[in-house]
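> output the structure for:
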Amino acid sequence: MKNPLGKITTEDDGYKVVFERVLPHSIEKVWNAITSPEELKFWFTDIEMDFRPGGTITFQFRDKDKTKSYGEVVAIEPPNRFAWTWEHELAVWELTALDEQTTRLVFTYSKLTDDYAINAPAGFHDMLDLLVERLAGSENISPFGAEDDGPEQLRTPVHYAAAVYETYPTLVKSAPVVVEKTLDSPIGRVWRAIANKEQLKQWYFDLDDFKPEVGFRFSFAGQGHKGAQYIHRCIVTEVIPQQKLQYSWQYEGHPGYSLVTFTLAEMGMQTKLILTHHGLETFPQDTPDFAWKSFNGGWGEIIGKMLPEFLDNEMLDK
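So this is what the prediction gives:
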């Protein structure tokens, strides 16, 4: 992800997400971008607004049915605070000038029900990325509400699902594969096994290359149940040495986007490893090789048998 994920928490009236961005633009320019319909159409959508507290806002989706939705202006305090409702939800934009050409933006969106607590933050995350591009001069128009299941639209919800799963698992409607294993090896040895290319090749897949660095791209071949060959395309998305390794997982020539996360916890001379694989529902569901059951069995074999055997054999070789 180009920018940090918003932080999702729960309150008495629903879920809330808070985003923070530091923008290299004046506060006046940012204020105009978040309040002017002529600017909003680029990074958000077409909006009609009675720009006064209590004024009506009409949000025009860009789907084939040209769906409309409604809200109301709550507060206008230029150039620092702008708030509005959207149906039963609340958006609050807060700007602070750090200097003449730098602005801190804090955007809070709250009163979210369970059904929207992942997809709404994911949608606003993408829109804030578009806002950054618009402020930099982009003329691209947001596809807000248009039907598109391409990887760009799938990626962000999968990242948010992975981020909230440990704290709010019931928000994730499509169950990830989760495999837990306590390994009889210290955490440093386990980290090397999952993060070192030469060691990975001995128990995992024959990777073309691997470095535990955010943004590093790698690929490898795999075989389905009936011999079908699949090229896996992956990008490292998060690295916390000896704690967390995460990368995307896609298939060349097939739609879908998923996220694999290895989490390690030290337990004396042992290590607890938790493997989670989110986004499996985005792959073609008419192909048995992409079924949840197939991934669950595969990861169970890899984490439950192949990795422990490699670590045990490595001990014997020393």
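
> Ala117 reaches Tyr15, doesn't it?
Yes. Using CB atoms under 8 Å, Ala117 is in contact with Tyr15, at 4.0 Å. C-beta here means a position set from N, CA and C on the backbone, and glycine is covered the same way.

> need the overlap of contacts for the two.
8, 168, 171 (CB atoms under 8 Å, 6 or more residues apart in numbering).

> got a pLDDT number for the second one?
It stands for Tyr168. At Tyr168, the model reports a pLDDT of 97.

> give me the number of residues near it?
For Tyr168, the count of nearby residues is 17 (other CB atoms under 10 Å).

> and if you look at the first one?
Here the neighbour count serves as a burial measure; for Ile8 (other CB under 10 Å) it reads 21.

> that one: what secondary structure?
Under DSSP: H, G, I helix; E, B strand; the rest coil, Ile8 falls in the strand class.

> export the shared contacts of Ala117 and Tyr15 to CSV and append columns for distance to Tyr204.
Shown next, in CSV, are the shared contacts of Ala117 and Tyr15 (distance: CB to CB, whole Å):
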residue, distance to Tyr204
Ile8, 32
Tyr168, 30
Leu171, 30
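
> out of the residues you listed, flag the one nearest to Thr96.
Ile8 (22.5 Å; CB to CB).

> could you find the closest non-adjacent residue to the closest one?
Using CB to CB, 6 or more residues apart in numbering and skipping the chain neighbours, the partner closest in space to Ile8 is Val17 (4.9 Å).

> same question, Glu20
Val106 is the one closest to Glu20 (CB to CB, 6+ apart), at 5.2 Å.

> phi and psi next, for the spatially most central residue of the chain.
The chain has His159 as the residue nearest its centroid, 2.0 Å off, counting by CA atoms, centre = their mean. Per-residue torsions, His159: phi -60, psi -40 (degrees, to the nearest 10).

> with Asn196 instead?
According to degrees, to the nearest 10, Asn196 has phi -110, psi 130.

> report how many residues lie close to it.
Around Asn196 there are 14 residues (other CB under 10 Å).

> do you know how far it is from Pro308?
17 Å (CB to CB, to the nearest Å).

> could you pull out the strands for the stretch 101-250 of the chain?
102-112, 177-183, 217-223, 229-240, 244-251 (DSSP state E, counting those that start in this stretch).

> redo those as JSON lines? Include mean pLDDT, mean neighbour count and distance to Lys41.
Shown next, in JSON lines, are these (pLDDT from 0 to 100; neighbours: other CB atoms under 10 Å; distance: least, CB to CB, whole Å):
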{"stretch": "strand 102-112", "mean pLDDT": "98", "mean neighbour count": "19", "distance to Lys41": "18"}
{"stretch": "strand 177-183", "mean pLDDT": "98", "mean neighbour count": "16", "distance to Lys41": "41"}
{"stretch": "strand 217-223", "mean pLDDT": "95", "mean neighbour count": "14", "distance to Lys41": "34"}
{"stretch": "strand 229-240", "mean pLDDT": "97", "mean neighbour count": "15", "distance to Lys41": "31"}
{"stretch": "strand 244-251", "mean pLDDT": "98", "mean neighbour count": "19", "distance to Lys41": "31"}
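
> what residue ranges in the stretch 151-300 of the chain score low on pLDDT?
151-152 (pLDDT under 70).

> helices along that one, start to end?
151-164, 187-195, 197-203, 292-301 (DSSP state H, counting those that start in this stretch).

> quick one: list the elements packing against the third one.
Spelled out, that is helix 197-203. helix 187-195, helix 307-317 (3 or more CB pairs under 8 Å, 6 or more residues apart in numbering; DSSP states H and E).

> max-length helix in this structure?
Using DSSP state H, we find that the single longest helix of the chain is helix 119-135.

> and that helix, what does it pack against?
strand 14-23, helix 27-35, helix 37-43, strand 102-112, helix 151-164.

> single out the most deeply packed of these.
helix 151-164 (a mean of 21; mean count of other CB atoms under 10 Å).

> what's the angle from that one to helix 119-135?
When axes from the mean of the first three to the mean of the last three CA atoms, to 10 degrees is applied, the directions of helix 151-164 and helix 119-135 differ by 130 degrees.

> related to what we said a few turns ago, output the helices and strands packed on helix 119-135 as TSV; include the columns distance to Asp209.
Putting the helices and strands packed on helix 119-135 into TSV (distance: least, CB to CB, whole Å) gives the following:
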stretch	distance to Asp209
strand 14-23	33
helix 27-35	41
helix 37-43	36
strand 102-112	38
helix 151-164	22
